[in-house]
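Student: pasting the sequence and the predicted coordinates here, then a few questions.
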Amino acid sequence: MKLILHFIPNLRNWFNENLMYPFLGGDHIMRSDGKNLNLIRSINLILPYVAPHFIKDTHRDNIFNLSMVCLENAKNILETLEKEYQELYEKNLTLSRLGEVIISPRYPDKGKQLDYKFNLKPSTFITNDIEHLLRLERIIKEE
């Protein structure tokens with residue numbers, strides 16, 4: 001058996017895709033909020049949740065584009081799950097029911113004073129986050 005190693009000389013960052021998508025992945029954080037839900041508070045290392053300071057030597061518009069792609073992909077996945085869930089169970093897939101279709105459902109931590117309405121669809125929150133990112137576009141993207 002021959003072991004083949006690959007060398008990628010210009011690789012600067014390694015992205016774990018499942019950590020980038022809100023409600024589907026992220027880095028777990030410990031914060032007690034008194035709610036006993038099956039959801040895990042997490043941080044996704046993309047805009048608008050955090051400024052991904054670990055991405056060095058790149059244009060800000062590339063960081064914006066990466067963040068937008070992650071949000072759009074997460075939204076597409078969640079909308080597909082919501083549609084299939086609606087067809088199977090004849091009820092909406094809400095944030096509180098996300099654990100019925102995902103093993104470790106998560107939600108982005110936005111601070112102690114901001115809370116989620118757990119009776120809404122997860123894709124609703126992603127839509128809001130996309131709108132939030134678009135409002136920041138002019139100061140993020142370089143001219």
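Tutor: Received the coordinates, thanks.
Student: okay, now the unreliable bits of the protein?
Tutor: 1-9, 11, 32-37, 142-143 (pLDDT under 70).
Student: for it, which segments count as helices?
Tutor: 17-20, 60-89, 122-140 (DSSP state H).
Student: OK, contacts around the spatially closest residue to residue 26 that is not a sequence neighbour?
Tutor: With C-beta to C-beta, 6 or more residues apart in numbering as the measure, residue 42 is the residue that lies nearest to residue 26, at 3.0 Å, once sequence neighbours are left out. C-betas here are computed from N, CA, C, even on glycine. Contacts for residue 42 (C-beta atoms under 8 Å, 6 or more residues apart in numbering) come out as 25, 26, 27, 28, 29, 106, 107, 108, 109.
Student: among those residues, name the buried ones.
Tutor: 25, 26, 106, 107, 108, 109 (16 or more other C-beta atoms under 10 Å).
Student: residues contacting the residue minimising distance to the centre of the chain?
Tutor: Among the residues of the chain, the one closest to the centroid is residue 22, at 1.8 Å (C-alpha atoms, centre = their mean). The contact partners of residue 22, by C-beta under 8 Å, 6+ apart, come to 44, 49, 70, 71, 74, 106, 107, 108, 125, 126, 129.
Student: relative to residue 20, how far out is the second one?
Tutor: With the distance defined as C-beta to C-beta, to the nearest Å, residue 49 ends up 10 Å from residue 20.
Student: got it, and the third one?
Tutor: Residue 70 is 4 Å from residue 20, where distance means C-beta to C-beta.
Student: so what sits against both of these two?
Tutor: Counting by C-beta under 8 Å, 6+ apart, the residues touching both residue 70 and residue 20 are 44, 46.
Student: dump the helices of the chain to JSON lines, plus mean neighbour count.
Tutor: Putting the helices of the chain into JSON lines (neighbours: other C-beta atoms under 10 Å) gives the following:
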{"stretch": "helix 17-20", "mean neighbour count": "14"}
{"stretch": "helix 60-89", "mean neighbour count": "16"}
{"stretch": "helix 122-140", "mean neighbour count": "16"}
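Student: tell me which of those helices sits nearest to residue 10.
Tutor: helix 60-89 (14.5 Å; C-beta to C-beta).
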